[in-house]
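1. Just a sequence and a predicted model for now, questions to come.
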Amino acid sequence: MAIERTFSIIKPDATRRNLTGQINARLEAAGLRIVGQKRKQLTEAEAKAFYAVHAARPFYNDLVAFMTSGPVVLQVLEGENAVAANREVMGATNPADAADGTIRKDFAESIEANSVHGSDSPENAAIEISYFFAGCEITS
Ligand code: CMP
């Protein structure tokens, strides 16, 4: 299977509770290597543009407000089948639906404050990685 990259965000509800290390341990235990990482306070413009695909959804304004409510950790993850591997370790978007042992089941507070974001396809991973990372900031 090919080595792939995906994009991940540790969200403000998780950084607020100092869960970055515990989430990173879950990612690494799932076979994902953190090949790029930076902590950042998103601006409103950055959050709006990142989530532009959801602009028509009723939760969009709240989502942007939440994602700018505290620092996030932006990550590039690498590994075999990384997009699917990350989605499996994250669990379902709504923690009420997430499987036991997943990050969202164990850490998420709500469907909005759900601790992590992960790309949903290799194509979107490439777009999301290039939105936040320069090539020289990623080291395999
Ligand atoms: P994420 O994977 O970051 O992508 C979009 C985010 O919107 C999602 O995780 C949730 O945190 C957030 N969200 C808030 N409300 C909803 C909802 N009703 N349905 C789906 N996503 C929601």
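-> Arrived safely.
2. Check whether whichever helix or strand Ala45 is part of comes near the ligand.
-> Applying DSSP states H and E as the criterion places Ala45 in helix 44-50. No - Helix 44-50 lies out of reach of the ligand by CB under 6 Å from any ligand atom, never closer than 8.9 Å. Any C-beta I mention is one placed from the backbone N, CA and C, and that applies to glycine too.
3. do stretch 108-117 as well
-> Yes - judged by CB under 6 Å from any ligand atom, stretch 108-117 comes into contact with the ligand at Ile111, Glu112, Asn114, His117.
4. Now do that stretch: everything it contacts.
-> Stretch 108-117 is contacted by residues 7-14, 19, 23, 59, 62-63, 66, 90-91, 93-96, 98, 103-104, 107 when judged by CB atoms under 8 Å, 6 or more residues apart in numbering.
5. and it, which residues are buried?
-> Ala108, Glu112, Ala113, Asn114, Ser115, Val116, His117 (16 or more other CB atoms under 10 Å).
6. ditto for stretch 72-85
-> Val72, Val73, Leu74, Gln75, Val76, Leu77, Glu78, Gly79, Asn81, Ala82, Val83, Ala85.
7. circling back to that earlier point, in strands, which of the residues of stretch 108-117 next to the ligand appear?
-> Members of those lying in strands (criterion: DSSP state E): His117.
8. Can you tell me which of the residues of stretch 108-117 next to the ligand lies closest to Leu42?
-> Leu42 lies nearest to His117 out of the residues of stretch 108-117 next to the ligand, by CB to CB, at 11.5 Å.
9. For Ala92, see how far away Ala125 is.
-> 19 Å (CB to CB, to the nearest Å).
10. where does this protein dip in pLDDT?
-> Low-confidence segments of the chain (pLDDT under 70): 1.
11. and it, which of its residues are near the ligand?
-> His54, Phe59, Leu63, Thr93, Ile111, Glu112, Asn114, His117.
12. Against Ile3, how distant is the fourth one?
-> Note on Thr93: its distance to Ile3, by CB to CB, is 26 Å.
13. quick one: which of the two has more around it?
-> Taking other CB atoms under 10 Å, Thr93 and Ile3 do not tie; Thr93 has more neighbours (16 against 11).
14. Since that was my last question, I'll sign off now.
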